[in-house]
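> Build me a structure from this.
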Amino acid sequence: MLTRLRLKDLILIEEAEIEFARGLNIFTGETGSGKSAILSAIRLISGERAESEWVRDGALMAVVEAHLFPFPLDRLREIQAPEPGEPLKIRRELHKSGKSRCFIEDQLVPAGFLRELMGPLVQRVDQSSSLTLLSSEEQLEILDAFAGCGSEAERLAALYSALLEAQKELKEALSAQESRARGLDRAKSDLEMIEETGWKKEEEESLSRLHLLLTHAQELSEKIGRAAEGLSSLSPRLRQMSYLLESTVPLDAELASPAGGLKTASIELEEAERFLRSYASRVEADPARLAAAEKRIGAIETLKKRFGPSWDDVERKKNELSAEIDRLLSLDETVASLEQNARRLEEETKQAARELSEKRQKAAPLFNRTVLEELRSLNLPSAAFQANLEAKSLSGLGIDAALFLFSANPGLPPLPLDQATSGGELSRLLLAIKIVLADKEKTACLVFDEIDSNVGGQTAAVLGEKLQKLSKHRQIVCVTHFVQVARCALRHFAVSKVEKGGRAKTLVDRLDAEAREKEYARMLGSKFGV
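Presented below is the predicted three-dimensional model:
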């Protein structure tokens, strides 16, 4: 339910704040006073398309903020809900450039999400929105609401969606079954390639070192040989000098340290010479071994290029191929299971559709009579109305197509709505339906825009009573030119236009009892009151 609406720089409204009542809220005012700004504000907070022309002249941005309480917590998704007992705050900003932004609890959201949230909460009822009645799907939804089978319709839609998904999975499995041999051969070939190569995780690094060594074996052998020969010529001299210095230690103990170092160096030099000669004997050009290493490296590179740049990628692909082979080998069992599931869902869906159709067929005659009674009480005594159900192929809506037939004039047979109604008659038909569904629909707030257009005073009085009756079940916001309707309001707002500083400005005032009487007088064109 709308509890508050704040407008700033919207059309002719510089600033206004409206606090709504739970029941019937009426807006009155002279033509051109700015009542449309209220309806435009409600369109904006409902997520509808914004028009840059709605920004007041001289302003850069229009702002509409609405408070709702209660509100559906389960529809907020990731939006942080307000504190318990606090209203949900919605804000819409409209810039002169045409850019528009939507906020819920100060969190920026897409307009589509705002429409999705507000769709079940606020519904406009006017000549343009009445055109939704022309939709067969909308007519079917109305009949379902009257029949009280909304949950059955939701279950059918869910079953049909599950059936479509099951049929899609079955189709894909059948297609895979047809190409199974080719897919199985390809998967087995790829898996065999990976397994035959037998790439070990740390192997690539050791292979790189071996390849480097074998590629430069001749160079290594020559250089190490020359180094060993050099050390060989140095060893005798260093050993001789070590013996010489060692003989001086008894004469001076300070020479013990360099003598010991020289002796150690002599021993290490001899060990280095022996290692180099041994190494040189092992290092030799081995074309066969080099070719084998290069072949192994090539095999690993082939795996990397085909299945991934790393060992982990190849290992992951190996596991995927094993699973794919198992899946293809068990495809016959999978197809049989999917076929059984699809048949089960199809039967459940058809049964649900038949049961829903029976409820619709049973409810349609009572719905026809009830709507017809409301139409006649709305001063359409010769009206004819009929909600027909025609068989159609199974869909998420069932096996029925709805067709509403209507005639407002005597002697004319009822025809489909797009052929039989004027805008005003269509609005009254929608009002009659809303009254019939008053305790069945979930819409929290209904907004009526001059639903009393093109009607007489007697019909206006009936409209007022009907709106008042409807407001016991729903919050109603209504723009009217009739005193008979305005008198039924729980809360009455007057919209007026004044000039200030050479510019037009719209004011929205909540009227007390005395002010309401003055407004009635203005509406009747009498300065003496009513």
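> Report the mean per-residue pLDDT for the longest helix belonging to the chain.
The residue-count maximum for a helix in the chain (DSSP state H) belongs to helix 331-377. Helix 331-377 carries an average pLDDT of 93.
> what's downstream of that helix, the next helix or strand?
strand 384-395 (DSSP states H and E).
> Going by neighbour count, which residues in that next one are buried?
By neighbour count on 16 or more other C-beta atoms under 10 Å, the buried set for strand 384-395 is 384-387, 389, 395. Yep, even glycine has a C-beta here, placed from its N, CA and C like the rest.
> Tell me the strands beside that strand, with direction?
If you go by DSSP bridges, strand 384-395 pairs up with strand 398-407 (antiparallel).
> can I see the domain layout of the protein?
The record's domain split for the chain, according to automatic domain parsing, is 1-121+443-530, 182-329.
> Select, out of those, the one closest to L375.
Closest approach to L375 among the domains of the chain (C-beta to C-beta): domain 1-121+443-530, 11.0 Å.
> circling back to that earlier point, now, which of the buried residues of strand 384-395 sits nearest L417?
For the buried residues of strand 384-395, the minimum distance to L417 (C-beta to C-beta) is 9.9 Å, reached by F385.
> That closest one bridge partners, please.
Here F385, judged by DSSP bridges, has bridge partners F406.
> do the same with the one 10 residues further on
Beta-bridge partners for S395, by DSSP bridges, are G398.
> got any ranges where the protein has weak pLDDT?
Residue ranges of the chain with pLDDT under 70: 126-131, 181, 285, 420-424, 450, 454-455, 526-530.
> In space, not sequence, find me the middle residue of it.
F113 (7.8 Å; C-alpha atoms, centre = their mean).
> what sits against it?
47, 77, 102, 104 (C-beta atoms under 8 Å, 6 or more residues apart in numbering).
> ok so, going back, dump the domains of the chain into a markdown table; add distance to E172 as well.
Formatted as a markdown table, these follow (distance: least, C-beta to C-beta, whole Å):
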| stretch | distance to E172 |
| --- | --- |
| domain 1-121+443-530 | 31 |
| domain 182-329 | 12 |
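> Buried deepest among those domains, which one?
Highest mean neighbour count of those: domain 1-121+443-530, a mean of 17 (counted as mean count of other C-beta atoms under 10 Å).
> how close does L2 get to R22?
Counting by C-beta to C-beta, to the nearest Å, the separation of L2 from R22 is 10 Å.
> overlap in contacts of those two?
Q475.
> quick one: which helix or strand includes the nearest residue to T349 once chain neighbours are set aside?
The spatial neighbour of T349 that comes closest, neighbours along the chain excluded (C-beta to C-beta, 6 or more residues apart in numbering), is L159 at 4.4 Å. For L159, the element it lies in under DSSP H and E is helix 150-178.
> Next SSE downstream of that helix?
helix 180-197.
> Against which helices or strands is that next one packed?
Applying 3 or more C-beta pairs under 8 Å, 6 or more residues apart in numbering; DSSP states H and E, one finds that helix 180-197 contacts helix 287-307, helix 311-329.
> right, and the residue nearest to T349 touches L345 too?
Yes: the criterion here is C-beta atoms under 8 Å, and L159 meets it with L345 at 6.6 Å.
> Who is R91 paired with across the strands?
Those that pair with R91 in a beta bridge, by DSSP bridges, are E65, F103.
> Can you report how many residues lie near Q167?
Neighbourhood size, Q167 [other C-beta atoms under 10 Å]: 15.
> Report the contact partners of it.
Contact partners of Q167, counting by C-beta under 8 Å, 6+ apart, are A342.
> and the gap between it and L338?
Computed as C-beta to C-beta, the Q167 to L338 distance reads 9 Å.
> Can you give the distance from whichever strand or helix holds L269 to the centre of its chain?
Here L269, judged by DSSP H and E, is contained in helix 256-282. Relative to the chain's own centre, helix 256-282 is displaced by 77 Å; criterion: C-alpha atoms, centre = their mean, to the nearest Å.
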